[in-house]
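In: any chance you could fold what I've pasted below:
(4 chains)
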2 protein chains.
Amino acid sequence: MSCVVTFKEKGFKLTPQRKLIMDIIHDDEAHLTIEKIITYVQERMPGVHKSTIYRTLELLEKTGCVYKSELGNQFIYHHPEEGHHHHLVCRKCGKSIDCDEDIFAPVERSIGAKYGFHIDFKHVIMSGLCKECRRKTS
Amino acid sequence: MSCVVTFKEKGFKLTPQRKLIMDIIHDDEAHLTIEKIITYVQERMPGVHKSTIYRTLELLEKTGCVYKSELGNQFIYHHPEEGHHHHLVCRKCGKSIDCDEDIFAPVERSIGAKYGFHIDFKHVIMSGLCKECRRKTS
DNA sequence: ATTATAATTACGACCAGGTGCAATAACAAT
DNA sequence: ATTGTTATTGCACCTGGTCGTAATTATAAT
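Out: Take a look at the predicted model:
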């Protein structure tokens, strides 16, 4: 894994705890919540304290080894090599579909032009109503 | 306030605690954090329990009497009659500027067309780099 | 292989936010 | 005005997440 190299190059120590957490996020293609990560870690290496896990995740995020995005009121962790995309989640039926990465391009452009801000939309999770639920509700 | 009427029509009781919380949100044009709301409530009506405040805010949000948006890691409450707009926050200098309401219109349209989802962007808070900080950093 | 040292860990304490429950109070009907 | 009913409150407690600290351990230097 390239991120292990990056990680050590930045002067951080590769402890077994950190390695395990990296492995879990690397191997699991699903979207991992903190809860799941804590469970998996403690299954494979009992005694690891929750604060270690929280601090490791924070560090991995800072070093770019892990991406964190927000889904509803939870956070989700995933490997950066996954394709970047956004998510559409239906607030009625819960269905979630992936959404094209550059859907926000026009917004990024107009914010740049009008306000001078540079915004980078990454892994945005949008809550709304899907086609079916819109039909049923109205 | 129209929301008091709406609120009672939906069958909820208008307790002094609820009235006070509504008043505070209605009168304050600034963006109120939960912390501030708790402080103000307990100043004017000592003894009100924090759980009452949390539950009231949740209920007011559900009934549409109050809007809740997210700024960084905090939540902010405001009156629905306020003009809708988004926020641009610079992650370097912290500066925050208001952003036109319909900046997301093209995204809403293309998500509707491509995926059939209906997304309503309300009070979105975007973190990025402002003009000055972009110049300095690069 | 040993040792030095600086980062990292587990622990415990703490805080914000949330929940179940018995006591209380708002409102409707008389 | 009184009463009954049901929502709402305050309380106690729980949980997730954060932080300071002493003990531990990964790594580099010898």
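
In: centre of the chain to stretch A:111-123, how far?
Out: In terms of CA atoms, centre = their mean, to the nearest Å, the centre of stretch A:111-123 is found 21 Å from the chain centre.

In: with stretch A:121-128 instead?
Out: 11 Å.

In: what does stretch A:10-27 give?
Out: Mean-position distance between stretch A:10-27 and its chain equals 17 Å (CA atoms, centre = their mean).

In: what residues sit buried inside it?
Out: Neighbour counts using 16 or more other CB atoms under 10 Å in any protein chain shown place A:Gln17, A:Arg18, A:Leu20, A:Ile21, A:Met22, A:Ile24, A:Ile25, A:His26 of stretch A:10-27 among the buried residues. For glycine as for every other residue, the C-beta is placed from the backbone atoms N, C-alpha and C.

In: nearest to A:Val5, of those residues?
Out: Closest approach between those and A:Val5, by CB to CB: A:Met22, at 11.5 Å.

In: which residues does whatever helix or strand the closest one lives in contact?
Out: In this assignment (DSSP states H and E), A:Met22 forms part of helix A:16-27. Outside helix A:16-27, the residues that touch it by CB atoms under 8 Å, 6 or more residues apart in numbering or on different chains are A:1, A:3-4, A:7, A:12, A:32, A:37, A:40-41, A:44-45, A:48, A:52-53, A:56-57, A:59-60, A:65-66, A:77-79.

In: give me the buried entries from those.
Out: Buried among these by 16+ other CB under 10 Å: A:3, A:7, A:32, A:37, A:40-41, A:48, A:53, A:56-57, A:59-60, A:65-66, A:77-79.

In: among the residues you listed, which lie within helices?
Out: Counting by DSSP state H, the buried ones among the contacts of helix A:16-27 place A:Cys3, A:Phe7, A:Ile37, A:Tyr40, A:Val41, A:Ile53, A:Thr56, A:Leu57, A:Leu59, A:Leu60 in helices.

In: for the first one, which non-adjacent residue is closest in space?
Out: The shortest distance from A:Cys3 to any residue other than its chain neighbours is 3.9 Å, reached at A:Cys65 (CB to CB, 6 or more residues apart in numbering or on different chains).
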